[in-house]
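**Student:** compute the structure for the input listed below.
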Amino acid sequence: MSTLGVLQVLGRSAGGVALHVARIASGLDGVDGLVVEVAGPSDGPVAMPVPVREVLIPNGAARGHPRAIARLRSIMATGGYALVHAHGLRAGIDSALAARSVARPPEVVVTIHNLMHSGVLGDARASVYRRAEWLAVMLSAHAFAPSEQIADHLKATIPRAADRIEVLHLGVGSPDPARPAAEVRRELGVLPGGRLVVTAARLAPQKALEVMLEAVARLPGDVVLAIAGEGPQEAELRALAADLGVADRVVFLGWTDDVAGYVAAADVFCLSSHWEAVALAAQEAVAVGTPVVSTDVGGMGELITDRESGRLVPTGDPDALAEALAEVLASEATGRRYAAAARLRLEAEFSTEAMLDRLGGFYLERLHAP
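**Tutor:** Down below sits the predicted model:
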């Protein structure tokens with residue numbers, strides 16, 4: 001491995017984090033002598049453009065996992081990487097602990113992609129995550145956060161590391177829908193004159209999809225909701241849709257590699273999450289010109305200003321979410337205005353090009369440091 005070798009370490013992420021890693025690998029491998037490889041699941045749904053060295057990092061945020069640490073140590077020792085960039089709490093902790101016992105230890109940096117809130121997890125589990133955040137940051141040489149909100153939280157709770165925590169927006173390109181919008185809408189059963197709401201999310205408690213289902217149940221019967229994603233709550237959410245009487249207008253798409261096609265065909269992209277950084281799927285919605293209605297969480301306010309470039313509503317409030325969706329669905333002109341304003345901010349602050357330029361410069365600076 002070249003002395004400019006950079007290893008991206010990825011846990012069990014099937015969503016935006018994996019897409020972010022793929023974009024780093026695609027955009028920086030071979031640039032200015034950088035050699036980028038990935039350590040993570042070999043069977044993940046996001047295809048990586050560079051070699052993947054398999055390691056399974058368990059979910060959760062407790063102390064390091066011995067088997068994953070041993071595997072990462074072997075990968076680092078044989079790969080000769082000079083820099084390791086871990087993504088997520090567990091990946092950060094395990095990577096830092098593994099690097100300590102390598103003969104020529106690489107420098108480890110970490111991106112903390114999300115915050116876990118006590119209101120959802122409960123105080124006991126949230127305290128475990130706070131400890132994991134502390135470990136991941138303190139064991140690493142540098143920490144990135146995808147939003148100002150996450151960076152501010154980390155600086156406030158880990159003040160000793162405040163000078164080595166910085167914001168790096170994940171970046172989004174220009175998604176290319178695989179199919180025409182009319183074809184997608186026909187597939188989903190949207191009637192002529194009907195409206196389509198799309199979300200892309202892991203079917204897990206963080207995403208609060210039950211709130212979205214309850215909001216859709218408050219909307220007229222010509223509104224169809226399409227949910228792209230899979231996860232442990234699928235059966236529960238299907239049952240709730242049936243109980244709410246909306247099963248015939250809620251489509252569970254499962255995993256799809258054409259999220260852009262569904263989002264571009266939508267009248268509104270919706271998020272109901274309890275927490276987010278700046279959701280990559282929401283950025284992609286803005287990139288294809290679809291207005292966004294979201295809960296006001298994490299860094300979403302860095303992308304969307306309420307009633308200027310989209311709608312932001314409180315978490316856990318299906319009435320507020322339904323009202324915001326109804327407003328945008330009722331007026332194409334309002335949706336176009338919101339989408340245009342959001343895209344201006346996206347292009348200025350959230351482009352993949354800007355992210356790669358900053359991250360590539362950071363890698364080269366660290367790799368060439370004496």
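**Student:** domain-wise, how is this structure divided?
**Tutor:** Using automatic domain parsing, the domain parsing of the chain gives 5-171+351-367, 181-349.
**Student:** among those, which gets the worst mean confidence?
**Tutor:** With a mean of 90, domain 5-171+351-367 has the lowest mean pLDDT of the domains of the chain.
**Student:** ok so, going back, next, format the domains of the chain as a markdown table and append mean neighbour count.
**Tutor:** In this view, the C-beta of every residue, glycine as well, is placed from N, C-alpha and C. Output for the domains of the chain, formatted as a markdown table (neighbours: other CB atoms under 10 Å):
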| stretch | mean neighbour count |
| --- | --- |
| domain 5-171+351-367 | 19 |
| domain 181-349 | 20 |
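**Student:** tell me which strands and helices the longest helix belonging to the chain is in contact with?
**Tutor:** In the chain, assigned by DSSP state H, the helix with the most residues is helix 332-349. On a contact count with 3 or more CB pairs under 8 Å, 6 or more residues apart in numbering; DSSP states H and E, helix 332-349 meets helix 280-287, strand 292-295, helix 300-303, helix 318-330.
**Student:** pull the CA atoms of the first one into PDB?
**Tutor:** This points to helix 280-287. Provided in PDB are the C-alpha atoms of helix 280-287 (Å, rounded to 0.1, in the frame of the first residue of the first chain):
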ATOM      1  CA  LEU A 280     -28.700  12.700   2.600                       C
ATOM      2  CA  ALA A 281     -32.000  11.700   1.100                       C
ATOM      3  CA  ALA A 282     -33.400  15.100   1.900                       C
ATOM      4  CA  GLN A 283     -30.400  16.700   0.200                       C
ATOM      5  CA  GLU A 284     -31.000  14.500  -2.900                       C
ATOM      6  CA  ALA A 285     -34.600  15.600  -2.900                       C
ATOM      7  CA  VAL A 286     -33.500  19.200  -3.000                       C
ATOM      8  CA  ALA A 287     -31.000  18.400  -5.800                       C
END
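**Student:** what residues does that helix touch?
**Tutor:** Residues from elsewhere that reach helix 280-287 (CB atoms under 8 Å, 6 or more residues apart in numbering): 15-16, 19-20, 170, 172-175, 198-201, 259-260, 263, 266, 269, 271, 276, 291-292, 294, 300, 303-304, 339, 342-343, 346, 350.
**Student:** run me through the strand neighbours of the helix or strand where residue 199 lies, direction for each.
**Tutor:** For residue 199, the host element (DSSP states H and E) is strand 195-200. The strands beside strand 195-200 in its sheet (DSSP bridges) come out as strand 223-228 (parallel), strand 268-271 (parallel).
**Student:** after it comes which helix or strand?
**Tutor:** helix 209-217.
**Student:** how much space separates the residue lying closest to residue 221 once chain neighbours are set aside from residue 212?
**Tutor:** In this structure, residue 221 finds its nearest non-sequential neighbour in residue 249, 6.9 Å apart by CB to CB, 6 or more residues apart in numbering. Residue 249 sits 13 Å away from residue 212, going by CB to CB, to the nearest Å.
**Student:** need the residues touching each of those two.
**Tutor:** What both residue 249 and residue 212 touch, as defined by CB under 8 Å, 6+ apart, is the set residue 225.
**Student:** before we move on, back to that, quick one, what contacts the residue nearest to residue 221?
**Tutor:** Here residue 249 is in contact with 189, 216, 221, 223-225 (criterion: CB under 8 Å, 6+ apart).
**Student:** for residue 130, pull up the helix or strand it's in.
**Tutor:** Counting by DSSP H and E, residue 130 is part of helix 123-138.
**Student:** got the contact list for the helix or strand just after that helix?
**Tutor:** Following helix 123-138 in sequence order, the next helix or strand is strand 142-145 (DSSP H and E). Outside strand 142-145, the residues that touch it by CB under 8 Å, 6+ apart are 109-112, 136-137, 151, 154, 161, 164-168, 277, 362, 366.
**Student:** what values do phi and psi take at residue 311?
**Tutor:** Dihedral angles of residue 311 (phi, psi; degrees, to the nearest 10) stand at phi -120, psi 140.
**Student:** for the residue lying closest to it once chain neighbours are set aside, give its distance to residue 330.
**Tutor:** Nearest residue to residue 311, sequence neighbours excluded (CB to CB, 6+ apart): residue 324, at 3.9 Å. Remark: distance between residue 324 and residue 330 (CB to CB) = 11 Å.
**Student:** cool, and residue 161?
**Tutor:** Computed as CB to CB, the residue 161 to residue 330 distance reads 47 Å.
**Student:** also residue 350?
**Tutor:** Distance from residue 350 to residue 330, by CB to CB: 28 Å.
**Student:** over to residue 49?
**Tutor:** Taken as CB to CB, the span from residue 49 to residue 330 is 42 Å.
**Student:** which residues of the stretch 51-200 of the chain fall in strands?
**Tutor:** Applying DSSP state E, counting those that start in this stretch to the stretch 51-200 of the chain gives strands spanning 52-54, 83-87, 107-111, 142-145, 165-167, 195-200.
**Student:** would you reformat those strands as JSON lines and include distance to residue 311?
**Tutor:** Compiled in JSON lines, the strands of the stretch 51-200 of the chain are given as follows (distance: least, CB to CB, whole Å):
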{"stretch": "strand 52-54", "distance to residue 311": "39"}
{"stretch": "strand 83-87", "distance to residue 311": "30"}
{"stretch": "strand 107-111", "distance to residue 311": "28"}
{"stretch": "strand 142-145", "distance to residue 311": "25"}
{"stretch": "strand 165-167", "distance to residue 311": "24"}
{"stretch": "strand 195-200", "distance to residue 311": "12"}
